[in-house]
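K.L.:
here is the input, now give the coordinates:
(2 chains)
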Number of protein chains: 2
Amino acid sequence: MNAYRDLRVALLGCGSVGAQVARLIIEQGDELAARVGARLRLTGIAVRSLDAERDVELPRELFTTDAEQLVLGADIVVELMGGIEPARALILRALEGGADVVTANKALIATHGPELADMAEQVGAQLSYEAAVAGAIPIIRPLRESLAGDRITRVLGIVNGSTNYILDRMDRFGDSAEDAMRVASELGYLEADPTLDVEGYDAAQKATILASIAFHTEVPVESVHREGITGVTAEQIEAAKHAGYVIKLLAIAERLIAADGTPGISARVYPALISRDHPLAAVHGGKNAVFVEAEAAGELMFYGAGAGGVETASAVLGDLVSAARRHVVGGPGIPGSAHADLPLLPVGEVTTSYQIMLQVRDEPGVLAAIAGILARHGVSAASVEQTAAQADEAADRTAGAEQTAALVIGTHRAREADLAATVEALRESAAVTAVTSVLRLEGDS
Amino acid sequence: MNAYRDLRVALLGCGSVGAQVARLIIEQGDELAARVGARLRLTGIAVRSLDAERDVELPRELFTTDAEQLVLGADIVVELMGGIEPARALILRALEGGADVVTANKALIATHGPELADMAEQVGAQLSYEAAVAGAIPIIRPLRESLAGDRITRVLGIVNGSTNYILDRMDRFGDSAEDAMRVASELGYLEADPTLDVEGYDAAQKATILASIAFHTEVPVESVHREGITGVTAEQIEAAKHAGYVIKLLAIAERLIAADGTPGISARVYPALISRDHPLAAVHGGKNAVFVEAEAAGELMFYGAGAGGVETASAVLGDLVSAARRHVVGGPGIPGSAHADLPLLPVGEVTTSYQIMLQVRDEPGVLAAIAGILARHGVSAASVEQTAAQADEAADRTAGAEQTAALVIGTHRAREADLAATVEALRESAAVTAVTSVLRLEGDS
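P.N.:
Okay, here's the model as predicted:
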């Protein structure tokens, strides 16, 4: 065996990912040394409690509660504690000391990414966070490096496994939203507080990171338009299926031209319809996938496990090996890039098409009234379908109940602001008794 | 605008990919300069004839027939001529001169990759070839870098768009092999001599490259077991569909344990069955995809355009930007890696399951005879189905024709050598009148 020099690796955190990272560093030491040209020596694992149970048997002498001390003297710091503080302070300290930093902390990168990237650039250190988006799937590196000579136009990501599991169950097994949630919870797909997942906060953090990298622009997480899946009903899923669509919670980053001609970008999260022919439609269960459209490359998709201790550890190790190779061969890392600094446009500037489901009065002139509302807002209908919602019309009529019909309107692409105003006007129209569903359609060209 | 330093880029070849690379370097000059921190200055384009028509309007003064002169003095050489010579000699000359080299030349990398990588490592230059496998899809970089801390166990690639187009037409539209070939040819999916595609030579070159990178081992292209799609019949496609499978031409790189316990690897290309639930089954038309299984990351898939001038140019530009950044920030590239040096095992050591279709004599004792043949070779049947192949038995009987039945046998996983011997024995058995189809099943776990 070659006599390799040592690189000192400090690990912060020993949860499901951290324990696997520690195990792999130890177990695959020889193989990693051959790939890196140096031995990765785990100098310590900072934890809150020395006595907590771990997923993996690890040497007890590695554990410490003194994270600050551990960070000093490390060549590479791997931060897997999660949360904002003390992770942020420890990473800044590590970078200041000249260490490279690998993190899987999406909340931190989404909120303090630019601050950390600036510090890394100042000192010539490398900050990498492949595992922060879509777990094991290599997506950050392909966006930053493989597509560095291309112009990315749109990114559509299924980046939250819990919500994809829930929507997939509703679609494939006909579960109600409540049943799907319950099963997801029982199988450990949902946190004790599922809000981060089902309200789209987790996906919004990932949308921030994807948009920042794809468009070389700082994208504050607060600027991401966010809608969760709590409003998605079994009826919507069923209607989508009938029309050849599936509903997915998408994190979207897109280049746009605003109504006034300004080029800009949008970052948003919402449940949307996509065609069953679209590659994202085949992403089932808790899997993640990121679909990328670029001017030259065309359509690409990156698919795999979006979570899981050992899966996510793979992405962390990839970053760790890259950082370690850099120590061996020299040269600074790829700096964070915000040179394009494109304006962030509000969701009203986005153009999509809508699928609108309505209950309308079943009387003459109603369709004309609805067509008039669309036209006044500059929205044109691609399809109008009357569904057989009123199975017992006769009974209703006998009882003197109001006679209604169900309509499904598919629009052509239009600006979100116009579509939203159209829906508002439909709600207020005397011809309409209820707007039962409004969904955007994504993934078309 | 910043005053960037220039990096001199020499382009060898101006076919469909080269012309797009030249166009993008020129048109996106400012954006690329901002990403790289230096301006990519195209110093010339070496071509065989100055008068040939190009896909793209380019400044005439860039063209030269003196490739050797052009290579001298370049910081980065982009080789898109194809073929072995003079591409090989020019790349060696460029590397010797200290230039980084980007190439899309799969034939050259598959046959002379180690020689070129050694030269690059000796002089501290970077050799990259993302575009050599699966066109626009980032796969080389993810394998070399993102998964550098993981252990790849298997790679299954749909890496030849022409054959995937043909098989997909047969599957989805019920085309005969001849009709699908004709349409593929009319649409420009096939070369004038389609042998490279349909006999699997192109896929074998890509299998060599994928296996070398995945397993850090030199894999000569001659060692790749290769079967093309010319033997695939509409009947096999139909039977596969009936059984829940689809037939794809797969380039496979896999870790194996030989019968004698030796750990090694296999690289092979053949048409195989995969389940319709497998993500590779949804790769339609001329698209490519590479499915990767790794110990920690689990299952990943990389999907996109496998060919096309502008699509492939995206991958070339990604490599070019990486090489250029390295010039700006310093540090050698990632060396080629053959440290693992695993033995290449013959295809006989591979374990898969088989689907075997037979015509057998329709008489007592036949099934026992067949079961005996399987058992003697250590192969166990997972399923045996008698299909209704003999619609007009009565007619046959009247005419005194021999009475036969069609059997479809699905085996459990077994060693290829045992499966092949089983098929041979079935062919020789008096109970069997014909072996009509033998296909391997891939993608199961």
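K.L.:
make it CA atoms for all contacts and neighbour counts henceforth
P.N.:
Will do.
K.L.:
anything in the longest helix along chain A near chain B?
P.N.:
If you go by DSSP state H, chain A has its longest helix at helix A:309-329. Yes. Using Cα under 8 Å from any Cα of the partner chain, helix A:309-329 reaches chain B at A:310-315, A:317-322, A:325-326, A:329.
K.L.:
what is the neighbour count of the closest residue to residue A:440 other than its chain neighbours?
P.N.:
Leaving aside its sequence neighbours, residue A:440 sits nearest to residue A:354 (Cα to Cα, 6 or more residues apart in numbering or on different chains; 4.5 Å). Residues within reach of residue A:354, counting by other Cα atoms under 10 Å in any protein chain shown, total 27.
K.L.:
list the contacts for residue A:354?
P.N.:
A:409, A:410, A:411, A:412, A:413, A:419, A:438, A:439, A:440, A:441 (Cα atoms under 8 Å, 6 or more residues apart in numbering or on different chains).
K.L.:
nearest to chain B, of the residues you listed?
P.N.:
residue A:441 (21.2 Å; Cα to the nearest Cα).
K.L.:
about what we covered before: pLDDT wise, what is the residue nearest to residue A:440 at?
P.N.:
Looking at residue A:354, its pLDDT reads 93.
K.L.:
ok, it to residue A:64 distance?
P.N.:
For residue A:354, the distance to residue A:64 equals 54 Å [Cα to Cα, to the nearest Å].
K.L.:
could you do residue A:260 as well?
P.N.:
The value you get for residue A:260 to residue A:64, if Cα to Cα is used, is 57 Å.
K.L.:
look at these two and report which has more neighbours.
P.N.:
residue A:64 (17 against 7).
K.L.:
residues touching the residue lying closest to that one once chain neighbours are set aside, list them.
P.N.:
Nearest non-adjacent residue to residue A:64, counting by Cα to Cα, 6+ apart: residue A:46, 4.9 Å away. Listed by Cα under 8 Å, 6+ apart, the contact set of residue A:46 reads A:10, A:11, A:12, A:13, A:14, A:63, A:64, A:65, A:66, A:67, A:70.
K.L.:
what do you get for residue A:248?
P.N.:
A:158, A:164, A:167, A:271, A:272, A:273, A:274, A:281.
K.L.:
got CSV for the residues you listed, with neighbour count, secondary structure and distance to chain B too?
P.N.:
Listed next are the contacts of residue A:248 as CSV, based on neighbours: other Cα atoms under 10 Å in any protein chain shown; DSSP: H, G, I helix; E, B strand; the rest coil; distance: Cα to the nearest Cα, whole Å:
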residue, neighbour count, secondary structure, distance to chain B
A:158, 27, strand, 14
A:164, 27, helix, 16
A:167, 31, helix, 18
A:271, 25, strand, 23
A:272, 23, strand, 21
A:273, 27, strand, 19
A:274, 22, strand, 16
A:281, 17, helix, 10
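K.L.:
neighbouring contacts of stretch A:194-205?
P.N.:
Counting by Cα under 8 Å, 6+ apart, A:106-107, A:110-111, A:159-160, A:162-163, A:190, A:221, A:224-230, A:250-251, A:268-270 sit against stretch A:194-205.
K.L.:
hmm, which helix or strand of chain A has the shakiest average pLDDT?
P.N.:
One helix or strand of chain A scores below all others by mean pLDDT, DSSP states H and E: helix A:393-398, with a mean of 50.
K.L.:
quick check: what element follows that helix along the chain?
P.N.:
Once helix A:393-398 ends, the next helix or strand along the chain (criterion: DSSP states H and E) is strand A:404-411.
K.L.:
show me what that next one is packed up against.
P.N.:
strand A:351-361, strand A:381-387 (3 or more Cα pairs under 8 Å, 6 or more residues apart in numbering or on different chains; DSSP states H and E).
K.L.:
after the first one, which helix or strand is next? Please name it.
P.N.:
What that stands for is strand A:351-361. Following strand A:351-361 toward the C-terminus (DSSP H and E): helix A:366-376.
K.L.:
secondary structure element holding residue A:193?
P.N.:
Applying DSSP H and E, one finds residue A:193 in no helix or strand.
K.L.:
of all the contacts of residue A:248, which comes closest to residue A:180?
P.N.:
Nearest to residue A:180 among the contacts of residue A:248 is residue A:167, at 7.7 Å by Cα to Cα.
K.L.:
look up how far residue A:353 lies from the closest one.
P.N.:
21 Å.
K.L.:
and what of residue A:359?
P.N.:
Counting by Cα to Cα - residue A:359 and residue A:353 are separated by 20 Å.
K.L.:
among those two, which residue is more densely surrounded?
P.N.:
Per other Cα under 10 Å, whichever of residue A:359 and residue A:353 has more neighbours is residue A:353, with 24 against 21.
K.L.:
skipping adjacent residues, who's closest to that one in space?
P.N.:
residue A:413 (4.1 Å).
K.L.:
for residue A:300, same thing?
P.N.:
Closest to residue A:300 by Cα to Cα, 6+ apart is residue B:304, at 4.3 Å.
K.L.:
is that neighbour part of a helix or strand, or is it coil?
P.N.:
strand (DSSP: H, G, I helix; E, B strand; the rest coil).
K.L.:
which residues are in contact with it?
P.N.:
A:298, A:299, A:300, A:301, B:134, B:136, B:137, B:287, B:288, B:289.
K.L.:
got the contact list for residue A:76?
P.N.:
A:7, A:8, A:9, A:10, A:99, A:100, A:101, A:102, A:320, A:323, A:324.
K.L.:
tell me which of those residues fall in strands.
P.N.:
Among the contacts of residue A:76, DSSP state E puts A:7, A:8, A:9, A:10, A:100, A:101, A:102 in strands.
K.L.:
surely the last one meets residue A:132?
P.N.:
No. When contacts are counted by Cα atoms under 8 Å, residue A:102 is not listed as touching residue A:132 (10.0 Å).
K.L.:
what's the domain layout of chain A?
P.N.:
Chain A breaks down by automatic domain parsing into domains covering A:6-136+A:310-329, A:143-306, A:350-441.
K.L.:
what residues sit buried inside stretch A:73-93?
P.N.:
A:73-82, A:87-88, A:90-93 (16 or more other Cα atoms under 10 Å in any protein chain shown).
K.L.:
what's the average pLDDT for that stretch?
P.N.:
What stretch A:73-93 shows for mean pLDDT is 97.
K.L.:
do the same with stretch A:58-68
P.N.:
96.
K.L.:
got the contact list for that stretch?
P.N.:
So stretch A:58-68 is contacted by A:12, A:19, A:22-23, A:42-50, A:70, A:90 (Cα under 8 Å, 6+ apart).
K.L.:
just give me the closest of those residues to chain B.
P.N.:
Nearest member of those to chain B, counting by Cα to the nearest Cα, is residue A:23, at 11.1 Å.
K.L.:
so what's the closest one up against?
P.N.:
Residue A:23 neighbours (Cα under 8 Å, 6+ apart): A:56, A:58.
K.L.:
can I get the helix or strand that contains it in CSV, CA atoms only?
P.N.:
Using DSSP H and E, residue A:23 sits in helix A:16-27. The C-alpha coordinates for helix A:16-27 follow below in CSV (Å, rounded to 0.1, in the frame of the first residue of the first chain):
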residue,chain,number,x,y,z
SER,A,16,-28.8,9.1,9.8
VAL,A,17,-26.6,10.7,7.2
GLY,A,18,-23.7,11.5,9.4
ALA,A,19,-23.4,8.0,10.8
GLN,A,20,-23.3,6.5,7.3
VAL,A,21,-20.7,9.1,6.2
ALA,A,22,-18.5,8.1,9.1
ARG,A,23,-18.9,4.4,8.4
LEU,A,24,-18.0,4.8,4.7
ILE,A,25,-15.0,7.0,5.5
ILE,A,26,-13.7,4.3,7.8
GLU,A,27,-14.8,1.1,5.9
